[in-house]
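Trainee: Sequence and predicted structure, then a few things I'm wondering about:
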Amino acid sequence: MSIKPLIILPDPVLRQVSKLVGQVDAPLLKLADDMLETMYDAPGIGLAAIQIGEPLRMLVIDLAKEGEPPAPQLFINPEIVETGEGRAVYEEGCLSIPDYYAEVERPATVRVKYLDRDGKLQEIDAEGLLATCLQHEIDHLNGVLFIDHISKLKRDMVVKKFKKLAKDRPPNRMVG
């Protein structure tokens, strides 16, 4: 396993729509393991493949709290097939937008269809932080960032800040 460089705003790669994974094979599972290692190193609770420059519909999540054993989850070709009527607000952050957080309102519950590590079709009903995290990461696969869910004024300020920071940052995209 290896830690991959994170793609940081304003890199246009983050706006790419990711492609469906055709086959669950050893190279794909190695990429998933690299994603987990990168996410843990950052540290974060979720990571989409596009955030390390791989435009594939794949994401990893681990919501284990500090002191608990890791509980990594892999979602290949995830798709939201149903959303509940209730709404929930969580303060979200993003490894591709370091040190910026904002409250985002999303559906409180979602049903997600996906392939697991064995390539088997699964469905999960998610609520709370898992529902928010799945929606956040699936947004990444569609070229959408959490800042797209906040006011235009705040979003424009964040993008302007990160464009300025990008001018001062070395071109290798490595963070941390």
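Mentor: Structure's in. What do you need?

Trainee: From residue 88, how far out is residue 103?
Mentor: Separation of residue 103 from residue 88 (Cβ to Cβ, to the nearest Å): 10 Å. C-beta: built from backbone N, CA, C; applies to glycine.

Trainee: higher neighbour count, the two?
Mentor: residue 88 (17 against 10; other Cβ atoms under 10 Å).

Trainee: distance of that one from residue 80?
Mentor: 15 Å.

Trainee: any idea which element the residue nearest in space to the middle of the chain lies in?
Mentor: Residue closest to the mean C-alpha point of the chain, counted by Cα atoms, centre = their mean, is residue 137 at 3.2 Å. Assigned by DSSP states H and E, residue 137 belongs to helix 128-141.

Trainee: So which bits of that helix are buried?
Mentor: Residues 130, 131, 132, 133, 134, 135, 136, 137, 138, 139, 140, 141 are the ones in helix 128-141 that count as buried (16 or more other Cβ atoms under 10 Å).

Trainee: what's the answer for stretch 33-51, then?
Mentor: In stretch 33-51, counting by 16+ other Cβ under 10 Å, buried: 33-40, 42, 44-51.

Trainee: go on, stretch 90-110?
Mentor: Quick answer for stretch 90-110 (16+ other Cβ under 10 Å): 90, 92-98, 100, 102, 104, 106-110.

Trainee: Can you dump the C-alpha atoms of that stretch in PDB for me?
Mentor: Extracted in PDB, the C-alpha atoms of stretch 90-110 (Å, rounded to 0.1, in the frame of the first residue of the first chain):
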ATOM      1  CA  TYR A  90     -23.700  18.500   9.300                       C
ATOM      2  CA  GLU A  91     -20.500  20.600   9.400                       C
ATOM      3  CA  GLU A  92     -18.500  19.100   6.400                       C
ATOM      4  CA  GLY A  93     -14.900  19.400   5.500                       C
ATOM      5  CA  CYS A  94     -12.900  17.900   2.600                       C
ATOM      6  CA  LEU A  95      -9.400  16.600   2.200                       C
ATOM      7  CA  SER A  96      -9.300  18.400  -1.200                       C
ATOM      8  CA  ILE A  97     -10.300  21.700   0.500                       C
ATOM      9  CA  PRO A  98      -8.000  21.600   3.600                       C
ATOM     10  CA  ASP A  99      -8.900  23.500   6.800                       C
ATOM     11  CA  TYR A 100     -12.300  24.800   5.500                       C
ATOM     12  CA  TYR A 101     -15.600  23.700   7.000                       C
ATOM     13  CA  ALA A 102     -19.200  24.700   6.400                       C
ATOM     14  CA  GLU A 103     -22.600  23.500   7.400                       C
ATOM     15  CA  VAL A 104     -24.300  21.600   4.600                       C
ATOM     16  CA  GLU A 105     -27.900  20.400   4.500                       C
ATOM     17  CA  ARG A 106     -28.600  17.100   2.800                       C
ATOM     18  CA  PRO A 107     -31.200  14.300   3.000                       C
ATOM     19  CA  ALA A 108     -31.000  12.600   6.400                       C
ATOM     20  CA  THR A 109     -31.300   9.100   5.000                       C
ATOM     21  CA  VAL A 110     -30.200   7.500   1.700                       C
END
